[in-house]
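Trainee: the following block contains a protein sequence and its predicted model.
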2 protein chains.
Amino acid sequence: MIQLDLKDRRPLYEQIKEKLKLLIIKGVLKADEKIPSVRELAQYLTINPNTIQKAYKDLEAEGLIYSVRGKGNFVMPLEHAINPAREEELMKELQKIIAELIYMRVSRKKLSAFIDDIYENKGDEVR
Amino acid sequence: MIQLDLKDRRPLYEQIKEKLKLLIIKGVLKADEKIPSVRELAQYLTINPNTIQKAYKDLEAEGLIYSVRGKGNFVMPLEHAINPAREEELMKELQKIIAELIYMRVSRKKLSAFIDDIYENKGDEVR
DNA sequence: CTAACTGTATTAATACATATAATACACTTA
DNA sequence: TAAGTGTATTATATGTATTAATACAGTTAG
């Protein structure tokens, strides 16, 4: 389900967040579907449960999953996943990246084509 | 020239990088213009020179400035600031952010309008 | 040439972030 | 009740960030 990359300098919990987010965005994990328990995923990845818990806590704060005591963690249905604060955060990041790309002379045309591709594939081709 | 925000949880050198990058992108700092020396900026911000040096080193690696021993640090002219590796990095980040925005039901139309604004203002309205 | 400025590098000390480990407690379900 | 879930706490080890104090090398103005 998830593979960690030790060569990646980012924290493990960041990698876990990213991979899970991708599975949710791509629709591999569907609304209200249960994701692995903290202990289960920790055992599978041979890392500490606390690290998984941190990743899950962050994903919950971002509105992508919800957790139920005694039951598990589940994928937040889209209607509730819409999170204005998170959206604003993403737009700000977007703003910075695009401003830098513009400075580097990336044309509006190239950028539009790139974005069109993402809209068509819905994020499939992230490594 | 630059103001640090202690409430910001990011490292100081990240804040410095971001603010300088913005000044360069917006054209406030022009090609081959000298930026403050590590000691000068450190004194002005009342932080350690090593922290400034780390920020400058990163900006040099990203191709935004160049440094000359004994003289100072300068804004890299655009012709040389174009950095394919950095561009690819930015495109990958872009891909992730947009995929998440699409998941959050942000329309292509809204996104296009946002990007058009950035192209027109060239990054002016980042806080 | 010298003094005062530049960038660069190193080492040490401290604080914070990350990750592991071992527990404990509360809730859910078979 | 037993075994699974999330959640919280404390301790420990390691990595990252930051400050601090120096040192060395190149540039420039006097």
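Mentor: Received the coordinates, thanks. Residues are numbered from 1 along each chain as shown, chains lettered A, B, ... in the order given.
Trainee: the strands in chain A, which residues?
Mentor: A:34-35, A:65-68, A:72-75 (DSSP state E).
Trainee: redo these as CSV? Include mean neighbour count.
Mentor: Any C-beta I mention is one placed from the backbone N, CA and C, and that applies to glycine too. Shown next, in CSV, are these (neighbours: other C-beta atoms under 10 Å in any protein chain shown):
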stretch, mean neighbour count
strand A:34-35, 16
strand A:65-68, 16
strand A:72-75, 19
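Trainee: and those strands as TSV, adding distance to A:Gln53?
Mentor: Compiled in TSV, the strands of chain A are given as follows (distance: least, C-beta to C-beta, whole Å):
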stretch	distance to A:Gln53
strand A:34-35	13
strand A:65-68	9
strand A:72-75	10
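Trainee: mean pLDDT and distance to DNA strand D for the ones you listed - can I get that in CSV?
Mentor: What follows is these, written out as CSV (pLDDT from 0 to 100; distance: least, C-beta to the nearest atom of the strand, whole Å):
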stretch, mean pLDDT, distance to DNA strand D
strand A:34-35, 96, 7
strand A:65-68, 96, 4
strand A:72-75, 97, 4
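Trainee: between the ones you listed, which gets nearest to B:Arg69?
Mentor: B:Arg69 lies closest, by C-beta to C-beta, to one member of the strands of chain A: strand A:65-68, at 51.4 Å.
Trainee: name the helices or strands packed onto that closest one?
Mentor: Using 3 or more C-beta pairs under 8 Å, 6 or more residues apart in numbering or on different chains; DSSP states H and E as the contact test, the elements touching strand A:65-68 are helix A:49-61, strand A:72-75.
Trainee: got TSV for these, with distance to DNA strand C too?
Mentor: Converted to TSV, those look like this (distance: least, C-beta to the nearest atom of the strand, whole Å):
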stretch	distance to DNA strand C
helix A:49-61	4
strand A:72-75	9
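Trainee: now these as TSV including distance to B:Asp117?
Mentor: Below are those laid out as TSV (distance: least, C-beta to C-beta, whole Å):
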stretch	distance to B:Asp117
helix A:49-61	28
strand A:72-75	33
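Trainee: number of residues surrounding the closest residue to A:Ala31 other than its chain neighbours?
Mentor: Spatially, and ignoring its direct neighbours in sequence, A:Ala31 is nearest to A:Pro77 (3.9 Å; C-beta to C-beta, 6 or more residues apart in numbering or on different chains). Around A:Pro77 there are 11 other residues, counting by other C-beta atoms under 10 Å in any protein chain shown.
Trainee: per the record, what domains does chain A have?
Mentor: A:12-80, A:83-121 (automatic domain parsing).
Trainee: between the helices and strands packed on strand A:65-68, which one is closest to A:Arg10.
Mentor: Using C-beta to C-beta, the nearest of the helices and strands packed on strand A:65-68 to A:Arg10 is helix A:49-61, at 11.8 Å.
Trainee: residue numbers of chain A in contact with DNA strand C?
Mentor: By the rule C-beta under 7 Å from any atom of the strand, the part of chain A lying against DNA strand C is A:11-14, A:47-51, A:54, A:68-71.
Trainee: mind running it again at 6 Å?
Mentor: A:Pro11, A:Leu12, A:Tyr13, A:Ile47, A:Asn48, A:Asn50, A:Thr51, A:Arg69, A:Gly70, A:Lys71 (C-beta under 6 Å from any atom of the strand).
Trainee: of the residues you listed, closest to B:Val38?
Mentor: A:Pro11 (29.0 Å).
Trainee: so for the closest one, what's the pLDDT?
Mentor: Looking at A:Pro11, its pLDDT is 94.
Trainee: so how far is B:Ala42 from it?
Mentor: Look at A:Pro11 and B:Ala42: by C-beta to C-beta, to the nearest Å, they are 29 Å apart.
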